[in-house]
Each structure stands twice: as C-alpha cells, then as structure tokens.
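> Structure for the following, please:
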Amino acid sequence: QVQMVESGGGTVQAGGSLTLSCGASGEISGLYSVGWFRQAPGKEREFVARINWSGGITSYVDSAKGRFTISRDNAKNLVYLQMTRLKSDDTAIYYCAVDLLTISGPLSSTMRYEHWGQGTQVTVSS
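Sure thing, here's the model as predicted:
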C-alpha cells in the first residue's frame, strides 16, 4: 500500500513564502511522477505542478510560473513545492499524488493520479 503525506502548510501573509513537502512510503519504487494539486473552498481541485521521476522535467499552472518551484529528493522519497510571492488566491488545501504512468490523459488531469495524500492547508492573508 502506497501512502503520500503532505506537510508544511500554514498561514502566511501575502508576499510571503512556504515550502510544502510530500513524502511517499509503502510499496512504491521505480519511475513515478508526482503532481501537486490544490482545492479552494467551493472550487474544483486544480493542477499546480508536476515533476517527473528524475526531476528533470517539470510543469506548472500558469499562475504558479515564476513563483513556485517543484523539486524532489529520490533518496528520501520526498517531493517539495517551494512557493514564493504568495497571493490570497493561493489559499487552498494542497495535495500531492502519484502518476504511475498507467493512466492516459492530460498531465494536469486528476484522473492520471493515484494515492492522494490527506492534504495540507495553505492560507494567505492579505
């Protein structure tokens, strides 16, 4: 059983920074990609960023480009989301999940991802 656990959320003022962590445990190995998503109250879960197994290929939602950086440490089974210049629109629960490359579809689609974590709350106050 694979488990993903997010941490690092909190409350920060607009313009501030936070770094989220996503840890993978259980029977997972090999070439998997990881995605970060977020869900604000009353809204659908949306794609934020993705990183491939080696860390060499990343992608971001337009609103995160230039502000967020996704990275990973495979030795520790950790994926990070460094968020800077935070805005009130970034307030949401942030989730990570695994793409085992077994499901087709757009890389930003939640349907591709499995083993969702419980989420970590990020609140940006203005």
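
> Poorly predicted segments of this protein, please.
Scanning the chain for pLDDT under 70 picks out 30.

> Nearest the geometric middle of it, what residue?
Trp36 (1.9 Å; C-alpha atoms, centre = their mean).

> Show the contacting residues for that residue.
Listed by C-beta atoms under 8 Å, 6 or more residues apart in numbering, the contact set of Trp36 reads 20, 22, 47-50, 70, 79, 81, 94-96. C-betas here are computed from N, CA, C, even on glycine.

> again, only using 7 Å
Residues in contact with Trp36 (C-beta atoms under 7 Å, 6 or more residues apart in numbering) are 48-49, 70, 81, 94, 96.

> and the two most separated of the residues you listed?
With C-beta to C-beta as the measure, no two of these lie farther apart than Ile70 and Tyr94, at 11.6 Å.

> quick one, helices of this structure?
For the chain, applying DSSP state H gives no helices.

> That one: strands as residue ranges?
Ranges of strands in the chain, per DSSP state E, are 2-7, 10-13, 18-26, 33-39, 46-51, 58-60, 68-73, 78-83, 92-99, 120-125.

> list the helices and strands the first one packs on?
So the one you mean is strand 2-7. Packed against strand 2-7, as judged by 3 or more C-beta pairs under 7 Å, 6 or more residues apart in numbering; DSSP states H and E, are the following elements: strand 18-26, strand 92-99.

> which of those is buried the deepest?
Greatest average neighbour count among the helices and strands packed on strand 2-7 goes to strand 92-99 (a mean of 22), per mean count of other C-beta atoms under 10 Å.
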